[in-house]
Structure formats: C-alpha cells, structure tokens
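Peer 1: sequence and predicted structure, then a few things I'm wondering about:
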Amino acid sequence: MAEAHRPARARIEAELDALVTENRFTIAVVFPAFGAVLLLASAEMLLGPLGFNPYLVLFGTLVMRLPLIAGLAPLVDRKAAAGLLGLALYAYVVEYVGTTTGLPYGPFEYGVDLGPMLLGKVPFALPIFFFPLVVNAYLLMLLLLGDRAERTVVRLVAVVATVLLMDVVLDPGAVALGFWSYDLDAVVLGVWPYDAPGDFYGVPWSNYAGWVLSATVAVATLDWAFSRAGLRRRLAACEFMLDDLVSFVILWGAVNAYFGQWLPVAFAALLGVGLWKTDRFDVPLPPWLSTQRVASD
C-alpha cells in the first residue's frame, strides 16, 4: 500500500537506478564497444544503407547516457532544470553560429546525418552530445580534487581543462569518421579571424580556442545550477554515475586507435586513469559472465 502512494517521480528514479545497476556492464562496456565497431564499419562503407543510421546512433548514445541521466535525476530541481534549459539553448545558439559563421570553432560542416536538424543547421539531439562533456568533467574533478574543488577558481579551471581534454579525444575521432569536417584551407589562408595554420588530426587549433570559451560558459552555468554538496552526496551513493565517461573512453579510444591517432588515444587513457584513481573504472561483470568465470576457475 505504501508503494502505491510513493511519489511517481521517486518510483521512476528508483526503477531507473535499478535498471542501470543491473546492466552496468552492458551499458558501459558492451554498447560503446559494439558502437565503435558499427561506426567504423559505417566509415568503411561495410553496412550499406544501415551505415551511420541516425536512429541507431541516437539510440546507442541515449543508452550510454542512462547512467548520467539516472545519476542526475534526483538532483534536478527548478534551479537545475533552468540551468539545463539554459545550457541547451546555449548549445543550439553557439552551434548555429558556428555552422553559419565559423565562430568560435572554425569553419565546419556536418558530414553525417545525426537526426532532425533545427533550422536546417543544428542537430535537434545536440544536448545529448554536449551535456555529457561538461557534466562528466565536472563530476570527475569533484572526485579528483576533493576539498580543493571548494575553491571556485581551482574548480572551474580544472573542469574547463577537462572538457578541453575530452574534446581533444572526441573531435579527431569524429572527423576521422566523417561526422563533421573543418575547412582547413579557410583557416590557413586567414579567411577565419584566428588565422591559426596547422591542425591536429584534421581539427584546426582554432577549434580548441573556441572550446575554451564554450566550456567556460557551460561550466559556469552548471556550477550555478546544481548544488555541489548534492552532487557530492549523489556521487558517494551512486557507483555508476560516471559510467558514461567509461563509455566515452572505450568508444572514442577505440575509434582513434583504429585510425592510428595515438595522441587522442593517450588522452583517452589519461581520462581512464582519472576514473581508476576515483575507483570509478570498475564496471562489474554481468551475472552470466561472472558465473562462467567462476565455473572455469
């Protein structure tokens, strides 16, 4: 009887927690590993019409986001919801400006269909790609910095640097796959204001300068929106809260390794070391695999 009167939101959050807990290995390891194989097969044109299918991409991405969604859900009050809405609007605006003018990242265009487009320029699903970069970096730094994270300057600088590190892994892999591409000639010839010749695995240095700006705005918004004490309590109680970052390391580490892009692989490994130091890179084996291992022993 008590269960029937339990608030609907609390029941949904508890069920989502249980779903993620029971399927951590599948979500955090199997999905990104399988996703990397499908993305690489798509890039090599081995899947025919299924190559880079936007709905498969979005489905796989949403599944890998479940630990982060479940982890944050109990902390989303009106202020946090306003912050997330503001982040979504910011992501849409900066991406629209980026695809239209080349600012602040450099001239680029999408090469893969990522689902419905807003105003014909920006993937409608952009927040599910953008939010995790900021949130995962913030959570990781709370754990790694400990009490030092209470100092605003230290916290914000460390999180912005971690977001930039994640993009150094993500962007070269995405460019190699053909998700998007940069007009390097425009950058080298000085058509774009920063005039920064050279590139990092097909990504102009200007992209990372732009990410410093974008990450600073996004991190400051997240810092305002969520209670730091609440995030710490949830991190302590929720073992899977950084599993989405585990998925990120596996998927983009594998993609970059396939293309021989070893510096991004090294940076992905550095994120893995950070997870290991926080005891978060410990996704348990599923029951069926654990049973087989015990039987073989």
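Peer 2: Structure's in. What do you need? Please read these numbers as outputs of a predicted model, since none were measured by experiment.

Peer 1: ok, now which ones touch E13?
Peer 2: Contact criterion CB atoms under 8 Å, 6 or more residues apart in numbering gives A70, A73, P74 as the residues in contact with E13. C-beta coordinates here come from the backbone N, C-alpha and C atoms, glycine included.

Peer 1: thought the second one was touching L16?
Peer 2: Yes. Applying CB atoms under 8 Å as the test, A73 and L16 come out as touching, 6.6 Å apart.

Peer 1: those two: which is more packed in?
Peer 2: Neighbours per residue (other CB atoms under 10 Å) separate A73 from L16, with L16 holding more: 17 against 14.

Peer 1: how about the contacts made by that one?
Peer 2: L16 sits next to L66, I69, A70, A73 when contact means CB under 8 Å, 6+ apart.

Peer 1: 7 Å instead?
Peer 2: Under the criterion of CB atoms under 7 Å, 6 or more residues apart in numbering, the contact list for L16 reads A70, A73.

Peer 1: mind checking how far it is from L66?
Peer 2: When CB to CB, to the nearest Å is applied, the distance between L16 and L66 equals 7 Å.

Peer 1: quick one, strands of the stretch 51-200 of the chain?
Peer 2: Taking DSSP state E, counting those that start in this stretch to define them, one finds strands in the stretch 51-200 of the chain at 108-110, 117-118, 122-123, 180-182, 199-200.

Peer 1: buried deepest among those strands, which one?
Peer 2: Ranked by mean neighbour count under mean count of other CB atoms under 10 Å, these are led by strand 122-123, which reaches a mean of 22.

Peer 1: okay, now the unreliable bits of the stretch 151-297 of the chain?
Peer 2: The stretch 151-297 of the chain contains residues with pLDDT under 70 at 185-198, 282-297.

Peer 1: returning to that earlier point: any chance of the contacts of E13 in CSV with distance to R228 as columns?
Peer 2: Listed next are these as CSV, based on distance: CB to CB, whole Å:
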residue, distance to R228
A70, 20
A73, 17
P74, 15
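
Peer 1: nearest to F124 among those?
Peer 2: When those are compared for distance to F124 (CB to CB), A73 wins out at 21.7 Å.

Peer 1: so C238 makes contact with G71?
Peer 2: Yes. Using CB atoms under 7 Å, C238 is in contact with G71, at 4.9 Å.

Peer 1: tell me how many other residues crowd F31.
Peer 2: F31 sits with 21 neighbouring residues when counted by other CB under 10 Å.

Peer 1: just confirm it is within a helix.
Peer 2: Yes. Membership of F31 in a helix is supported by DSSP: H, G, I helix; E, B strand; the rest coil.

Peer 1: surely it and G60 touch.
Peer 2: Yes. Contact status for F31 versus G60: in contact at 5.9 Å, counting by CB under 7 Å.

Peer 1: next up, the contacts around P123.
Peer 2: Contacts of P123 were listed using CB under 7 Å, 6+ apart, and they are L114, G115, M117.

Peer 1: can I get those in a markdown table with pLDDT and distance to R151?
Peer 2: Output for the contacts of P123, formatted as a markdown table (pLDDT from 0 to 100; distance: CB to CB, whole Å):
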| residue | pLDDT | distance to R151 |
| --- | --- | --- |
| L114 | 91 | 38 |
| G115 | 91 | 40 |
| M117 | 92 | 41 |
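
Peer 1: picking that back up, can you put the strands of the stretch 51-200 of the chain in CSV and add distance to A36?
Peer 2: Formatted as CSV, the entries for these read as follows, by distance: least, CB to CB, whole Å:
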stretch, distance to A36
strand 108-110, 20
strand 117-118, 25
strand 122-123, 20
strand 180-182, 18
strand 199-200, 21
